[in-house]
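>>> Sharing a model that was predicted from the sequence below.
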Amino acid sequence: MSTAKVVIADDHPLFRTALRQALAACTEDDEILEAQNFGELLNVIKQQAELELVFLDLHMPGNDGFTGLSLLQNHHPDLTVVMVSSEDNPDMMRKALALGASAFIPKSADFNTIAYAVNQVREGHSWLPAGIDLQDDSSEDVEYRQLAEQLSQLTPQQYTVLEMIANGRLNKQIAYDLNIQETTVKKHVSAVLAKFGVNNRTQLGVAFQQLRLKGG
């Protein structure tokens, strides 16, 4: 089996090709894998134990805003995630970093900028386009960093339960979908409530909805 360390998850073939060319100039990986949707990305991750770096499209099918980033942070914390998007909203870029991404690369970036960003990430730095402050301490960014910290405390099963609560699933439905006892679901819900410091499922759903992009 190959031991690729990089995967590009994007549903636009032309951008995957452009990013692959930029990566070839600054990495020594023999193979760069690709995924066209989030489910495909998860399958690649399961099959590739050596993966280190994921390029994740903000609007790729199966990735609802920052839910994909959040899931990867929770289920695969050793992976470095770089968000890519045709959008270039500074607040959105800072939100990505607050939620755990190492960089946010606009698809409008030229070859040299992409290569530079990748090198910065591989050296352990965070990266945003020139002119965007990495150290913004607005109340919104602080809120997203707190959300990321709360999510990081969840087990993968608890994270899945939280996501299903946000999607309006009842305990009985969650138990059926996950093939576990309803009493087990109730324990997971109680644990998640405690870790988020809230009193009810509605508040949990509201917290998770912050990961989704309104109108997007």
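Structure's in. What do you need?
>>> middle-most residue in the protein, spatially?
Nearest to the geometric centre of the chain sits Leu69, at 0.5 Å (Cα atoms, centre = their mean).
>>> That residue and Gly100 touch, don't they?
Yes - using Cβ atoms under 8 Å, Leu69 is in contact with Gly100, at 6.3 Å. Quick note: C-beta positions are derived from backbone N, CA and C, even for glycine.
>>> Tell me who's in contact with the residue nearest to the centre of the chain.
Leu56, Val81, Met83, Ala96, Leu99, Gly100, Ala101, Leu211 (Cβ atoms under 8 Å, 6 or more residues apart in numbering).
>>> Would you list the phi and psi of the residue lying closest to Lys95 once chain neighbours are set aside?
In space, and not counting its chain neighbours, Lys95 is closest to Tyr144: 5.4 Å by Cβ to Cβ, 6 or more residues apart in numbering. Tyr144 has phi and psi values of phi -70, psi -40 when expressed as degrees, to the nearest 10.
>>> so how many other residues sit close to Tyr144?
Residues lying near Tyr144 (other Cβ atoms under 10 Å) number 21.
>>> hmm, back to that, looking at the contacts of Leu69, spot the one nearest Ile114.
Met83 (13.0 Å; Cβ to Cβ).
>>> Double-check that the closest one belongs to a helix.
No - under DSSP: H, G, I helix; E, B strand; the rest coil, Met83 sits outside any helix and is assigned strand.
>>> That one and Ile105 touch, don't they?
Yes - Met83 is in contact with Ile105 according to Cβ under 8 Å; the separation is 7.3 Å.
>>> list the contacts for the nearest residue to Pro61 once chain neighbours are set aside?
Closest residue to Pro61 apart from its sequence neighbours, by Cβ to Cβ, 6+ apart: Asn37 at 4.2 Å. Applying Cβ under 8 Å, 6+ apart, we find Asn37 in contact with Ala9, Asp11, Met60, Pro61, Gly62, Asn63.
>>> Quick check: the closest residue to the third one other than its chain neighbours vs Lys195, distance?
Counting by Cβ to Cβ, 6+ apart, Asp11 is the residue found nearest to Met60 once chain neighbours are left out, at 5.1 Å. Plainly put, Asp11 is 33 Å away from Lys195 if you go by Cβ to Cβ, to the nearest Å.
>>> ditto for Thr113
Remark: distance between Thr113 and Lys195 (Cβ to Cβ) = 38 Å.
>>> can you pull out the strands in this structure?
6-9, 32-35, 53-57, 80-85, 103-106 (DSSP state E).
>>> Turn the ones you listed into CSV, including mean pLDDT, mean neighbour count and distance to Gln120.
Converted to CSV, the strands of the chain look like this (pLDDT from 0 to 100; neighbours: other Cβ atoms under 10 Å; distance: least, Cβ to Cβ, whole Å):
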stretch, mean pLDDT, mean neighbour count, distance to Gln120
strand 6-9, 94, 24, 15
strand 32-35, 93, 20, 18
strand 53-57, 96, 25, 12
strand 80-85, 96, 23, 10
strand 103-106, 95, 23, 7
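>>> Need those in CSV (columns: distance to Leu170).
Output for the strands of the chain, formatted as CSV (distance: least, Cβ to Cβ, whole Å):
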stretch, distance to Leu170
strand 6-9, 32
strand 32-35, 32
strand 53-57, 31
strand 80-85, 32
strand 103-106, 36
